[in-house]
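K.L.:
Could you look at this predicted model? Sequence included:
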Amino acid sequence: MTASSTASRTLPILDAHGAVDHAAGAERFTADVDRTTWHDGALWFVREKRDRGAASVPEWERLRDLASAIKSHTLSRLDEYLERFERRATARGIQVHWARDGAEHNEIVLGILAARGARRLVKSKSMLTEECGLNAHLERHGIEVVDTDLGERIVQLRNEPPSHIVMPAIHLKKEEIGATFHEKLGTPAGLADPDALTAAARRHLRERFLGADAAMTGVNFAIAETGGVVVITNEGNADLGTALAPVYIASMGIEKLIPRAADLGVFLRLLARSATGQASSVYASHVHGPRPGQAMHVVLVDNGRSTQLGRGDFWGSLKCIRCAACLNTCPVYRRSGGYSYGSTIPGPIGSVLTPGLDVRKYAALPFASTLCGSCSAVCPVKVDLDQQLYRWRQLVMAAGGAPPLKRWWLRAMGGVLADPALLQLAGRVARGMLRVLPPRLARRLAGGWGTGRALPEPPRGSFRDWVRANRPGRS
Ligand code: SF4
């Protein structure tokens, strides 16, 4: 795949006003019917594994309540817990930094690396560093950054961003990965066996681990009581990087805190099952300070989180533990792909977090949902995603962020639905038109909704007419 075709597939499609056009991005993805079907099926497979994992824990709902309560409590005293974490971490020899936004975070990391003369960095998966655009910043300053999570490395070699927060390369077929490895790592042409490709990646990454001057990870949980951080992986890449490199940097959003070590078990039981259906992730690495001779840094990043915390309707989104269950279950995400959202975090959680950064640019995202509520039903920390999506829609409309045609249609629909006489008239006109229009034309008028669907036979009368005729006295 050439750089230009990669860019055309991954860059968000923007409308004339520079706003992300999710519908156009989804259309680009669904043009490849095979990929869409396979993507949908692969994610639904993970969703079903999640269901079996949840069903295997009798106290699942109690765990969700508890996790939600712990996160709500922590967020209600976030300043206290952050300061406690800083004190305890500092006492353990960890250097703690505070970053107001992505640019400040990138400068802090660059400063740490520059002070040690580090030129080669190995990094385990961190959506926060994606959010901050860290790789590009470091590469501009001559530092080689190697993402060591297999999926993340695959998309990095292809010059693509992750399309999913847990499975970054879920949109790719093994043949495409084989072609990338052939081009970048010199594997035999046509090799598409997952075991052989994984072995090739392992050999390639092992050299990078051994030659790294510094290692970096994200943070799944930071414990205020102990000043330590916990990083979850299935591949052990975080452990290998932090065990070998002389400098270790952990970057975390300020919402990753939990109060006590005793709280961790609640989240570990929920996270792996919600993410992949596993009873437990393969590695849960607890880091409570640098190894002898090593320097360890933690960067605490705000980047809009304290603003979100101050939003009465949306602060609950900060409870998120990035399990991706809401992505895997979302019928819109499964069929439109991660790139259609044009944001680092796609899917339902991305659609409630990202408009907070720029409501006009991301005005389409709260509408990229059927509001079926499946996201809220699977969320292990009970983020009320469907309610927040609905609330964002109201704010987007009030801010004039929706396209003029959509605004006009929604206002017209609102007027019709609010007036019983108008609604009856509209029903009569629609039934009449359906009877006289040729079916092909009627389907075309329905736009994308009509594609591949047979229209039902229009009823002779309305439901109200039926009640009048069949249930006298109840109309
Ligand atoms: S909002 Fe809930 S379901 Fe979605 S990623 Fe976050 S924790 Fe998981």
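P.N.:
Here it is on my side, so go on.

K.L.:
and stretch 263-281, how far from the chain's centre?
P.N.:
Computed by Cα atoms, centre = their mean, to the nearest Å, the chain-centroid distance of stretch 263-281 equals 17 Å.

K.L.:
contact partners of it?
P.N.:
Outside stretch 263-281, the residues within contact range by Cβ atoms under 8 Å, 6 or more residues apart in numbering are 46, 48-54, 56-57, 63-64, 66-67, 70, 166, 220-221, 223, 230, 232-234, 258, 284, 321, 323-325, 378-381. All C-beta atoms are positioned from the backbone trio N, CA, C, and that covers glycine.

K.L.:
Buried ones among these?
P.N.:
Buried members of the contacts of stretch 263-281, counted by 16 or more other Cβ atoms under 10 Å: 46, 49-50, 53-54, 63-64, 66-67, 70, 166, 220-221, 223, 230, 232-233, 258, 284, 321, 323-325, 378-381.

K.L.:
near the ligand too, which of the residues you listed?
P.N.:
Subset of the buried ones among the contacts of stretch 263-281 in contact with the ligand: 321, 323-325, 378-381, counting by Cβ under 6 Å from any ligand atom.

K.L.:
Please tell me the pLDDT value assigned to residue 375.
P.N.:
We have a pLDDT of 98 for residue 375.

K.L.:
can you tell me which residues contact it?
P.N.:
325-326, 329-330, 347-349, 369, 385-386.

K.L.:
go with 6 Å
P.N.:
Counting by Cβ atoms under 6 Å, 6 or more residues apart in numbering, residue 375 touches 326, 330, 348, 385.

K.L.:
Which two of those residues have the greatest separation?
P.N.:
Pairwise distances across the contacts of residue 375 peak at 9.1 Å for 330 and 385 (criterion: Cβ to Cβ).

K.L.:
Are there residues contacting both of these two? Which ones?
P.N.:
Between them, residue 330 and residue 385 share the contacting residues 348, 375, judged by Cβ under 6 Å, 6+ apart.

K.L.:
Roughly how far does the residue most central in space within the chain sit from residue 161?
P.N.:
Nearest to the geometric centre of the chain sits residue 345, at 3.5 Å (Cα atoms, centre = their mean). Per Cβ to Cβ, to the nearest Å, residue 345 is found 11 Å from residue 161.

K.L.:
What residues does the stretch 151-300 of the chain have near the ligand?
P.N.:
residue 274.

K.L.:
Strands of the stretch 151-300 of the chain, start to end?
P.N.:
With DSSP state E, counting those that start in this stretch, the ranges of strands along the stretch 151-300 of the chain come out as 214-217, 221-223, 228-233, 247-253, 257-258, 283-287, 295-301.

K.L.:
Tell me which of those sits most buried.
P.N.:
strand 214-217 (a mean of 27; mean count of other Cβ atoms under 10 Å).

K.L.:
Tell me the residue of the stretch 51-200 of the chain that sits nearest the ligand?
P.N.:
residue 165 (6.8 Å; Cβ to the nearest ligand atom).

K.L.:
show me what contacts that residue?
P.N.:
By Cβ under 6 Å, 6+ apart, the residues touching residue 165 are 127, 322, 324.

K.L.:
For the residues you listed, could you give me JSON lines that also reports distance to residue 253, secondary structure and pLDDT?
P.N.:
Shown next, in JSON lines, are these (distance: Cβ to Cβ, whole Å; DSSP: H, G, I helix; E, B strand; the rest coil; pLDDT from 0 to 100):
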{"residue": "127", "distance to residue 253": "9", "secondary structure": "helix", "pLDDT": "94"}
{"residue": "322", "distance to residue 253": "9", "secondary structure": "coil", "pLDDT": "97"}
{"residue": "324", "distance to residue 253": "16", "secondary structure": "coil", "pLDDT": "98"}
